[in-house]
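>>> Predicted model and sequence below, questions to follow.
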Amino acid sequence: GTKVQMRLTAEYVCGGKFDVDNGVITSPLYPKNYINSEACIYDIVAPKKKRIALTCEYFNLSTKCIGHCGEHNGDKTYFQDITTFERYEGKDLEGKTIKSKKNHHTFYFLSNSKDVEDDHRQYGFSCSYNFF
């Protein structure tokens, strides 16, 4: 007889392409805490000749770090603006707005291997964007 082997893996898909005006991007599982070792790419695309404003109403990433840690290095959870390579950690973006120079803006979220899923503090982000 033939032996069939099947392996199922479930992966939480995060990020994606956002091309509808007045949208929201959030960390995986928000308002629950994000899971560790997660990488998400948020691709926001506005119509030509429009720009994007991203405002983070809630922004609180765990600052726990693994290994050799300094400012903006080590195995840390961060949110990065791929366009400018600016990295945001902790509460860096809470209540702040980032405006794009063009009609396309990409953000990258990476959570480190420190598990904050069951932490009593709320970790994650919720940012709204609009085209202007």
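Cool, the structure landed.

>>> contacts, neighbours, all on C-alpha from now
Noted.

>>> quick one, helices of the protein?
Remark: no helices are assigned in the chain by DSSP state H.

>>> low pLDDT regions in it?
Counting by pLDDT under 70, the chain shows low-confidence ranges at 1, 5-12, 70-74.

>>> any idea how far residue 77 is from the one residue sitting closest to the centre of the chain?
A centroid search over the chain (Cα atoms, centre = their mean) returns residue 109, at 3.2 Å, as the residue closest to the centre. Counting by Cα to Cα, to the nearest Å, the gap between residue 109 and residue 77 amounts to 8 Å.

>>> Spit out the residues that contact those two alike.
When contacts are counted by Cα atoms under 8 Å, 6 or more residues apart in numbering, the set common to residue 109 and residue 77 is empty.

>>> Am I right that residue 42 is in contact with residue 23?
No: using Cα atoms under 8 Å, residue 42 is not in contact with residue 23, being 11.7 Å away.

>>> quick one: which of the two has more around it?
residue 42 (19 against 14; other Cα atoms under 10 Å).

>>> now the strands for the protein?
15-18, 23-26, 39-45, 52-60, 66-70, 73-75, 78-81, 86-88, 97-99, 104-110, 124-131 (DSSP state E).
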